[in-house]
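Engineer: prediction below, plus the sequence it came from.
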Amino acid sequence: MEVLTHAFLANGLLAAFAIVGLVMWLSNAISKRLFFGRIHGSAIAIVIGLAAAFAAGLWTGGEKGVVDIPLFAGIGLMGGAMLRDFAIVATAFEVDVSQARKAGAIGAVALTLGTILPFIVGSVLAVAFGYTDAVSITTIGAGAVTYIVGPVTGAALGANSAVIALSIATGVFKAVLVMIGTPIVAKMIGLDNPRSAMVFGGLMGTVSGVSGGLAATDRRLVPYGALTATFHTGLGCLVAPSVLYLIVRAIAGG
Amino acid sequence: MVISGVALLAICTLMGAFLGDLLGVALGVKANVGGVGIAMFLLIAMRLWLTRRGLLTAPVKFGVEFWGALYIPIVVAMAAQQNVVVAARSGPLVLIAGIAAVLVCFGTVALISRIGTKGETMDEIEARAGGQLARLGETV
């Protein structure tokens, strides 16, 4: 046992890859067998991550989730700001600009609204729940955009970990709601053609939520929705810690 | 070379972080202002430039896409190190914010879908294409 512990401690990052890999595999299995693909494996994996952080927080009394357990310290490096930003930026490489041009004005309108509307909803609720500082309000508002925009914004602005955790949880919950809710409301919101699918992708954001939701509605709509949704995170990461933060700061002060 | 792709990604990320910090200083905000977003648009621009010059080889693409593929696992690792215990105390905020944001967005999709000319539905497109699978680009 001691030898095993030593191997884990000396190779922290590798241990993290192995552990997270197992969690991803487990999540995909749960997604397939328990939810029949309705809920994406990625959302399940993030929920498992948050749950593990919760359990570890109770157990150790620390503030850094599973990282406070020495055996899992490598997860801190894997999910730290450096590799996180590196991987998020890399996703932009898959965006095909010539395809995106086809989404045109309607896609741009949907993207803008899809960033601003959830941000307003999240920020107003953050204020209603007693947050008064601009950094926390912006981070929670950004979390309502997507679970990536939230922590990226929080880290950039220096929000505390509890607020960042809230913003991730809000974003994940939103993604799950989109996955489950889309097939139910598809008829009502006119989701049966490529144009509305692109509007939908731009507005809802979260690629996992959009592709999961559209796949359950009509598989053929997925590429159209994903097309606009892929821009959502980039746009959110650009405007939330900048323009939107400055606006919130001007209103809320400090 | 694969490392060229990794280096390209690293340079874009570093440039974004640098420009974000610079913007923060210029605006008098003690924060990185939009660094990740700037880096993403830099990378998109680089991809266009490389494609035009024919420099976008498979290994270069692989060097970048590998990290893109690791994005969800890294987000899982990030989620696992947050202070969830404290966050859980304001639990209702997560539920209410999530539900409200989704309802507002669903409503807006319904609204926008109704404005302007209604596009062909997928069924109509497929019928016109004679049963062939409608491909992106031909129908939009």
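Structural biologist: Received it, and whenever you're ready, just let me know what you need. Residues are numbered from 1 along each chain as shown, chains lettered A, B, ... in the order given.

Engineer: quick check: domain ranges of the chain?
Structural biologist: Here I'm looking at chain A. For chain A, automatic domain parsing gives the domain ranges A:2-79, A:99-252.

Engineer: hmm, no, I was thinking of chain B.
Structural biologist: Each domain of chain B, as a residue range, per automatic domain parsing: B:1-81, B:83-140.

Engineer: now tell me which of the ones you listed the model trusts least on average.
Structural biologist: Between the domains of chain B, the lowest average pLDDT goes to domain B:83-140, which shows a mean of 70.

Engineer: which of the domains of chain B sits most buried?
Structural biologist: Across the domains of chain B, the average number of neighbours (mean count of other CB atoms under 10 Å in any protein chain shown) peaks for domain B:1-81, which reaches a mean of 19. Using the backbone N, CA and C atoms, a C-beta is placed for each residue, glycine as well.

Engineer: neighbouring contacts of stretch A:26-40?
Structural biologist: Defining contact as CB atoms under 8 Å, 6 or more residues apart in numbering or on different chains, one finds that stretch A:26-40 is touched by A:41-42, A:44-45, A:48, A:175-176, A:179-180, A:208-209, A:211-212, A:215-216.

Engineer: try 10 Å
Structural biologist: Applying CB atoms under 10 Å, 6 or more residues apart in numbering or on different chains, the external contacts of stretch A:26-40 come out as A:41-49, A:175-176, A:179-180, A:183, A:206-209, A:211-213, A:215-216, B:72, B:76.

Engineer: end to end on that stretch, go ahead and measure it.
Structural biologist: Start-to-end span of stretch A:26-40 (CA to CA, to the nearest Å) is 12 Å.

Engineer: for that stretch, list every residue counted as buried.
Structural biologist: A:S27, A:N28, A:S31, A:F35, A:I39, A:H40 (16 or more other CB atoms under 10 Å in any protein chain shown).

Engineer: re the thing from before, of all the domains of chain B, which lies closest to A:G62?
Structural biologist: Nearest to A:G62 among the domains of chain B is domain B:83-140; the distance by CB to CB comes to 8.5 Å.

Engineer: would you map the helices across chain B?
Structural biologist: B:2-27, B:35-53, B:58-69, B:71-79, B:84-88, B:91-114, B:122-128 (DSSP state H).

Engineer: hang on, the earlier thing: what's the most buried one of the domains of chain A?
Structural biologist: domain A:99-252 (a mean of 24).

Engineer: how distant is that domain from the center of its chain?
Structural biologist: Averaging C-alpha positions (CA atoms, centre = their mean, to the nearest Å) puts domain A:99-252 9 Å from its chain's average.
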